[in-house]
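Student: Okay, here's the prediction I keep looking at, along with the sequence it came from:
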Amino acid sequence: MKKTLTIAIASLLSFSTFAAKFEQGKHYEELTDAAFNAPNQVVKIYSTNCPFCYKYEKAVIPSYIKNLPDNVSYDAYHITTKPPFGKEKATVVAVAKQLGVQQYQSVKMAYYSQIHDKKIKFKSADETIEFGLDKLDITKAEFNKLKNSPEVTKLLKKWDQGVEVAKIKGIPAIVINGKYLINTQSITSMKMLDELTAELLNK
């Protein structure tokens, strides 16, 4: 009986330690006015202009997505507000997403590489767009038709829900269920990120 009680107490202490492992204000923030509707979803808010977003895209996100529970989906919002030519890049990326997953990944990574690997700056809005259209292999006329479609307009509006979130801790920003913002600066390992995500998904 004593052994059983000891095990029970140890289990309780272990649970309490895990429950107290992550702290609001240190490891995550509860969103109020910046919250958005995204149940059972993890959302990354990013811009291809952001070097830290690029690092996360390559080193963190692939494993992170694989480790999410089966009933939890993943999405990414490219905000329009980060210069230079943030709106143009986000619009091309939104059009690419409507064309398909392969096109979306291709143009997104092309922008990242051009800006952060090759260190090439776009000189104008037109040049920014033309670069993306060349990667997508579509004409300017096709792009103009797609960018004004209800689907792309709705998508860009949805993505810009992330603008207010980005003002809190910068980007990349990882939001759980549209309610909790992970403080990525507090994360020291992939395991820690997975555990914090799991806890916030169940709050």
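Tutor: Yes, it's here. Since we're looking at a predicted model, the values are computed, not measured.
Student: all strands of this structure, in order?
Tutor: Under the criterion DSSP state E, the chain contains strands at 28-30, 41-46, 73-78, 173-176, 180-182.
Student: which helices and strands does the last one pack with?
Tutor: Looking back up the chat, that one is strand 180-182. Helices and strands touching strand 180-182, by 3 or more Cβ pairs under 8 Å, 6 or more residues apart in numbering; DSSP states H and E, are strand 28-30, helix 162-169, strand 173-176, helix 190-201. For glycine as for every other residue, the C-beta is placed from the backbone atoms N, C-alpha and C.
Student: sorry, back to before: closest one to residue 103 among the strands of the chain?
Tutor: Judged by Cβ to Cβ, the one of the strands of the chain that comes nearest to residue 103 is strand 73-78, at 13.9 Å.
Student: Which strands border that closest one, and is each parallel or antiparallel?
Tutor: Paired neighbours of strand 73-78 in the sheet (DSSP bridges): strand 41-46 (parallel).
Student: what's the angle from the partner strand to helix 162-169?
Tutor: 80 degrees (axes from the mean of the first three to the mean of the last three Cα atoms, to 10 degrees).
Student: What mean pLDDT does strand 41-46 get?
Tutor: Taken as a whole, strand 41-46 has a mean pLDDT of 98.
Student: quick one: contacts of it?
Tutor: Applying Cβ atoms under 8 Å, 6 or more residues apart in numbering, the external contacts of strand 41-46 come out as 53, 56-57, 61, 64, 68, 72-79, 162, 165-166, 171-178, 197, 201.
Student: Can I get the buried part of those residues as one PyMOL selection?
Tutor: Buried residues within those, by 16 or more other Cβ atoms under 10 Å, are selected in PyMOL with:
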select buried, resi 53+56+57+61+64+68+72+76+77+78+79+162+165+166+171+172+173+174+175+176+177+178+197+201
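Student: just the helices in this protein please.
Tutor: Secondary structure of the chain (DSSP state H): helices located at 2-19, 51-59, 61-66, 86-99, 101-112, 125-136, 140-147, 150-159, 162-169, 190-201.
Student: contacting residues around the second one?
Tutor: Right, the one you point to is helix 51-59. For helix 51-59, contacts defined as Cβ under 8 Å, 6+ apart pick out 44, 46-48, 108-109, 112, 115-116, 170-172, 184.
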